[in-house]
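1. Any chance you could fold what I've pasted below:
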Amino acid sequence: MTIHSSVNLPFFIPLLLTHGPHKCANNSDKGLFIKYQRRRAIAEAFKEQERTKFRNLLELANSSKFEGERANALAAATRIASKHGMTLEEASRWQPDQETEAPAAPPVNRRRRFETDTRAAQSVAANAAQQREDKARWQSAVDQARKRGLADEEEKKANTSQSVRSFSKARRNPAKHAEVLLKETSLSFDEIAEITGINVYEIVGMKLKLRTAA
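-> A predicted model of the protein is given here:
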């Protein structure tokens, strides 16, 4: 008995189940039966909710900043695709109304799926390594900036301490104190005279001597 492919599929399927594919002389009818059966099985199992979950997992695996999160998302998406006999690439392109050309998971398809999954995993690992390198460079720059800041702060403290010591020593000698104030401040003669207790005219004379020495 020969059954043409133009026959209504819902009627054709029970007929094949009754007579068996070996009863059909036309090989194209057998292929049509296999394709229809697989497409219907995937459509029944790969519902919209699961497809949405699959797409979200792929997006997370591609965009997450955390290596562990990307790896887990990719593994979960791979399990969903494998559950329906598809590779990640096939599952990402699959539509409810499409026809799948080949029977489920022949050896060559399993090998292709393994290669695809391996490439995807390698891509995720490469992205993770690049992010680790970027983070290391950023941390190194931060550490160097922090060290420079600490060095500048220490130098500032040392200079301040030296100035304090200079002023402290100068206080023991009014003339030295006045000389330091003339060199390192913009205080007026009257202010320096008041601080050191030296006559303002003597302060002016000290200033003239400093200018001559310079």
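2. show me where pLDDT drops low in the chain?
-> Scanning the chain for pLDDT under 70 picks out the ranges 1-45, 96-116, 151, 157-172, 214.
3. please redo it, this time with the cut-off set to 90
-> 1-77, 80-188, 191-197, 207, 209-214 (pLDDT under 90).
4. domain assignment for it?
-> By the assignment in automatic domain parsing, the chain contains the domains 9-133, 173-214.
5. where along this structure do the helices fall?
-> 9-19, 27-45, 48-63, 67-83, 88-93, 107-171, 174-184, 189-196, 200-213 (DSSP state H).
6. from what I can see residue 81 touches residue 90, true?
-> Yes - if you go by CB atoms under 8 Å, residue 81 and residue 90 touch, sitting 6.9 Å apart. C-beta coordinates here come from the backbone N, C-alpha and C atoms, glycine included.
7. Who are the contact partners of residue 51?
-> residue 94 (CB atoms under 8 Å, 6 or more residues apart in numbering).
8. Report the separation between it and residue 154.
-> Distance from residue 51 to residue 154, counting by CB to CB, to the nearest Å: 61 Å.
9. try residue 186
-> Distance, residue 186 to residue 154, by CB to CB: 27 Å.
10. Neighbour count for those two, which is higher?
-> Taking neighbours as other CB atoms under 10 Å, residue 186 and residue 154 compare with residue 154 leading, 10 against 7.
11. what separates the more buried one from residue 140, distance-wise?
-> For residue 154 relative to residue 140 (CB to CB), the value is 21 Å.
12. same question, residue 178
-> Residue 178 is 50 Å from residue 140, by CB to CB.
13. now do residue 206
-> Between residue 206 and residue 140 the distance is 53 Å, computed by CB to CB.
14. Neighbour count for those two, which is higher?
-> Taking neighbours as other CB under 10 Å, residue 206 and residue 140 compare with residue 206 leading, 19 against 10.
15. So the more buried one sits against residue 177, correct?
-> No - using CB under 8 Å as the test, residue 206 is too far from residue 177 to be in contact (10.8 Å).
16. which residues do these two both contact?
-> Jointly contacting residue 206 and residue 177 under the rule CB under 8 Å, 6+ apart is no residue at all.
17. And for residue 117, the neighbour number?
-> 19.
18. So it sits against residue 88, correct?
-> Yes - checked against CB under 8 Å, the pair residue 117 and residue 88 is within contact range at 6.3 Å.
19. shared neighbours, those two?
-> Here residue 117 and residue 88 have residue 78 as joint contacts, going by CB under 8 Å, 6+ apart.
20. How many residues are close by the nearest residue to residue 207 once chain neighbours are set aside?
-> Excluding the flanking residues, the one nearest residue 207 by CB to CB, 6 or more residues apart in numbering is residue 182, at 5.5 Å. Neighbour count of residue 182, defined by other CB under 10 Å: 19.
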